[in-house]
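[1] Give me coordinates for this.
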Amino acid sequence: MISCVYCGGAHERPADVRRCWSDQQQAPSPADVPPDPAPVPDAPAALRPRPRPSSRPVRPVDDADRVVARLRRGPLELGRNVVVDLGDEAPAEWADARRVIIDAAALDDLTETLRVVRDAAHTPSGLVFELAASFDDPPDSTETRLPYEVGATHEFVLDELHHLVWSNSIDARDPDQPRWQLVDRAVALGARIDGPADVVDPDGRPLWLDGGPTRLHAPIGGVEVLPEVTITHRSLTTPAGNGSDADLAPDQLAAVTHPAGTARIIAPAGSGKTRVLTERARHLVERWNVPSSAICLVAFNKRAQTEMLERTADLPGIQVRTLNSIALAIVNGTPPFAATARRFGTIDEPEVRRVLQRFVSTPRKRNVDPIAPWIEALTLIRLGLVSPADAEARYGGDVDGLTDVYPRYRAELQRVGSVDFDGQIDQAIAVLLADPAARRAARHACRLLLVDEFQDLTPAHLLLVRLLAGAGGSVFGVGDDDQTIYGYNGADPGWLIDFERWFPGAGDHPLEVNYRCPPGVVDIADRLLRHNRRRVAKTIRPRDGAIGEWRVAEPDDDGSVGATVAAVRSALDDG
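    All right, here's what the predicted structure looks like:
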C-alpha cells in the first residue's frame, strides 16, 4: 500500500494516488491571486507601515533615468565589485581585489569563471571584473528542447554569470560617470546621492545598498544596509533586525532567523517544520521588512496549503501556493506572472483517458485497467523527466508505442487548449525555458521561495524551483531525506543531501526534537533510519519531559477494539 498525503489514506497503485492528486486540482483559491500592488507611502520611516506587495517586475532602467553613482567599495562585508575595461587600473579601494577577466575564452568555458565568481559572491569578497567582451546586456538565453530532454540539472550558466557580474558591481569603465543600476532604482524610489554612504532615503537617513545574494546585515558603522530584494520590490524600508520573540525551540529559532535567504532545513517527523516555514515567512515580513510580494510559500498539496494560509492570515500579500498552482499561473499568464497569448483549461483524469484512447488501442481484460500504465508512463515522462523511449522500456510491453503516442497526446492538448495535472508542471517549465521575459516575471514573483516537503519533489519539480529561483533568488527548503516516499515519481533524497549543489551558498539548520512521539518510538525510529545508505547524518531526540515508559494493554480477545478506543479517548483527554 502507498500512503497518500492528498486524502490521508492509502492506495494500492500509483494511479490511485494520482487520482487523489488530480481530484484536488481546483480553480485557483483567493490565496493564489495576490492583491493589487499598493503604493509606497510617503510617511516618515518611523511611522511607515510594513511594505506592501508590488507584483510588477521592475522595468530596466533607461539611460535617461540613470544617475552617477559614488565610486566606492563600501564596507568589505558587502562584497561589492567594480567593472573596468581590460587592462585598466582598478579604483584604489579595489587595489587588493582579485581580478577576473571576462573575455571570449571565459565565455566559452564558464566552469572555472563561474566557480570563482560564485564563491566571491557568497564569501563575500569584492572582485575587479575586466571586460574584454560585450557583456552589458542580459544574454536572455533560451532553451526549446522539451523538459525531459533538458533534465533537472539544467542551468542557464551565461545568464547566471551576467547576474553575478552586474548585480553587485559599480560600472567604472568611465571613472567620471560611474553607474550602478541598484542606485538608479533606489533614486527612482525617492533616495538621493548624498550622505556618508551610498544614498540617503527620503527622511535623510544614510543607507548602504547590498546587491549581493539575499542576506541580512546589522547596521555598519551606524549606517543601515538595504538588501536588493527590498529595492527591487519598490521599498526603501530597512530591516528592523534579526531578533525574534516567537515561541520557538532553539533549533527552530536558528532556522527561522537564518541571516541569509537560502538554507536547508532538515526536519524529521514531528519536529515542527510547518511552524518553522510559516514563522520564517512572518520573520521576513515583520523583521527583515521584505515586501510580501517577494515571498512565496510552496505547500506540497492543497491540504498543506490550507494549513499554511490559516497560519499566515495576518500577513497580507504573501503568496501561499502549490507548485501546480504556480505552474498553471505561469502557463495562463495569471498575475503576477507574465501575460500569455492564450489560456489553458485543466482536464481531469476521465478526460485524460478519453484523449489517450484516441491514440491507444487496448484489449479488454477482466479486473485490469489497461489505460492506467499509460497514465503512469506520462507521469514518468513529465515529472520524472524520463524519455518516452526509456519510459516505454520500463513498462515491459504495457505501453508499446509510447514514443509515438506521447508527442501526439501533447500536441492534441495544445491544439484544444487543455492541460492535465502533470502537464501544468511540464508546460510551465517549457515556458520558463523558452521565454526570458516570462522567466524574469516569475523570478520577481517568487524571489524568496519557502518550499515544504523538499525530499518529495520530483525531478521536474526541482527543475521548476531552480528556474523560479535563478541566480538571484533564494530557496529555503524544508524536508527530511529519510521520508522520501514518492520515489516511483522520481523523488530523490539527493535533492536535500546535495542541497548546496542546487543552491550555492546555502545555510544548514537541522531540527532535532520530535515533539510527536514518546522516547521509545523516537529511539527505535532513529536506530532504524541510521541504516539508510544515502542520508544526511542527523540527531533525532524526544522532547524534554516526554513520557518514556512503554504501556502494553492485554485485553480479552473480544475486547481489543473497545480497549483501543478507550486508550485513544484517554490520550485525547490528557492532551
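[2] buried ones in the helix or strand containing residue 82?
    According to DSSP states H and E, residue 82 maps onto strand 81-85. Residues of strand 81-85 classed as buried under the neighbour-count rule (16 or more other Cβ atoms under 10 Å) are 81-84. The way it works is simple: take the backbone N, C-alpha and C, and place the C-beta from them, glycine included.
[3] Not counting its own residues, what contacts it?
    With contact meaning Cβ atoms under 8 Å, 6 or more residues apart in numbering, strand 81-85 is reached by 71, 73, 90-91, 94, 97, 120, 126-132, 165-166, 168-173.
[4] strand partners of it, parallel vs antiparallel please.
    The pairing partners recorded for strand 81-85 under DSSP bridges are strand 127-131 (parallel), strand 169-171 (parallel).
[5] Of all those, which one comes closest to residue 528?
    strand 127-131 (48.1 Å; Cβ to Cβ).
[6] which other residues reach that closest one?
    81-88, 90, 94, 97-102, 116-117, 120, 165, 169, 173.
[7] Figure out how far that strand is from the centre of its chain.
    30 Å (Cα atoms, centre = their mean, to the nearest Å).
[8] Same question for it: list its buried residues.
    Under 16+ other Cβ under 10 Å, the buried positions of strand 127-131 are 127-131.
[9] pLDDT and distance to residue 388 added to those residues, as CSV?
    Formatted as CSV, these follow (pLDDT from 0 to 100; distance: Cβ to Cβ, whole Å):
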residue, pLDDT, distance to residue 388
127, 98, 45
128, 98, 49
129, 98, 44
130, 97, 47
131, 96, 44
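[10] Could you single out the nearest of these to residue 566?
    Top of the list for closeness to residue 566, among these and by Cβ to Cβ, is residue 127 at 69.1 Å.
[11] Figure out the helix or strand that the residue most central in space within the chain lives in.
    In the chain, the residue lying closest to the centroid (Cα atoms, centre = their mean) is residue 449, at 3.6 Å. Per DSSP H and E, residue 449 falls inside strand 448-451.
[12] what pairs with that strand, and is each one parallel or antiparallel?
    In its sheet, and by DSSP bridges, strand 448-451 pairs with strand 295-299 (parallel), strand 474-479 (parallel).
[13] Now do the domain split for this protein, please.
    Domain ranges of the chain: 2-33+242-341+422-529, 66-179, 349-419, 548-573, per automatic domain parsing.
[14] and among those domains, the most buried is which?
    Highest mean neighbour count of these: domain 2-33+242-341+422-529, a mean of 20 (counted as mean count of other Cβ atoms under 10 Å).
[15] chain center to it: distance?
    Distance of domain 2-33+242-341+422-529 from its chain centroid, counting by Cα atoms, centre = their mean, is 7 Å.
[16] Give me the mean pLDDT for that domain.
    The average pLDDT within domain 2-33+242-341+422-529 is 90.
[17] and if you look at stretch 95-114?
    93.
[18] Go ahead and name everything in contact with it.
    Contact with stretch 95-114 is made by 81-82, 86, 90, 116-117, 120, 125-133, 135, 157-158, 160-161, 164-165, as judged by Cβ under 8 Å, 6+ apart.
[19] Farthest pair within the buried residues of strand 81-85?
    By the measure Cβ to Cβ, 81 and 84 form the most distant pair in the buried residues of strand 81-85, at 10.3 Å.
[20] Give the full set of residues in contact with the residue nearest to residue 191 when sequence neighbours are not counted.
    Nearest residue to residue 191, sequence neighbours excluded (Cβ to Cβ, 6 or more residues apart in numbering): residue 199, at 4.0 Å. Shown in contact with residue 199 (Cβ under 8 Å, 6+ apart): 183, 186-187, 191-193, 206-207, 209.
[21] Mind listing what's buried along stretch 198-218?
    Buried, per 16+ other Cβ under 10 Å, within stretch 198-218: 198-202, 205-217.
[22] returning to what we had before: mind checking how far the residue nearest to the residue nearest to the centre of the chain when sequence neighbours are not counted is from residue 507?
    Computed as Cβ to Cβ, 6+ apart, the closest residue to residue 449 that is not its neighbour in sequence is residue 475, at 4.9 Å. According to Cβ to Cβ, to the nearest Å, residue 475 and residue 507 sit 11 Å apart.
[23] joint contacts of those two?
    Common neighbours of residue 475 and residue 507, counting by Cβ under 8 Å, 6+ apart, are residue 262.
[24] doesn't residue 207 make contact with residue 238?
    Yes - between residue 238 and residue 207 there is a contact at 6.9 Å, judged by Cβ atoms under 8 Å.
[25] Any chance you could list residues touching both of those two?
    When contacts are counted by Cβ under 8 Å, 6+ apart, residue 238 and residue 207 are jointly contacted by 201, 224-226.
[26] Buried subset of those residues as a ChimeraX selection?
    Buried subset of these, written as a ChimeraX selection, criterion 16+ other Cβ under 10 Å:
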select :201,224,225,226
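[27] Check the shared contacts of residue 238 and residue 207 and tell me the two furthest apart.
    201 and 225 (12.4 Å).
[28] just to revisit the earlier point, CSV for the shared contacts of residue 238 and residue 207, including pLDDT and secondary structure?
    Formatted as CSV, those follow (pLDDT from 0 to 100; DSSP: H, G, I helix; E, B strand; the rest coil):
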residue, pLDDT, secondary structure
201, 97, coil
224, 98, strand
225, 98, strand
226, 98, strand
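[29] For my notes, please list the shared contacts of residue 238 and residue 207 in a markdown table and give distance to residue 414 for each entry.
    Formatted as a markdown table, these follow (distance: Cβ to Cβ, whole Å):
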| residue | distance to residue 414 |
| --- | --- |
| 201 | 49 |
| 224 | 51 |
| 225 | 48 |
| 226 | 44 |
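[30] nearest residue to residue 426 other than its sequence neighbours?
    residue 382 (4.1 Å).
[31] How many residues are close by the closest residue to residue 224 other than its chain neighbours?
    In space, residue 224 comes closest to residue 238 once its chain neighbours are excluded; the distance is 4.2 Å by Cβ to Cβ, 6+ apart. When neighbours are counted by other Cβ atoms under 10 Å, residue 238 registers 20.
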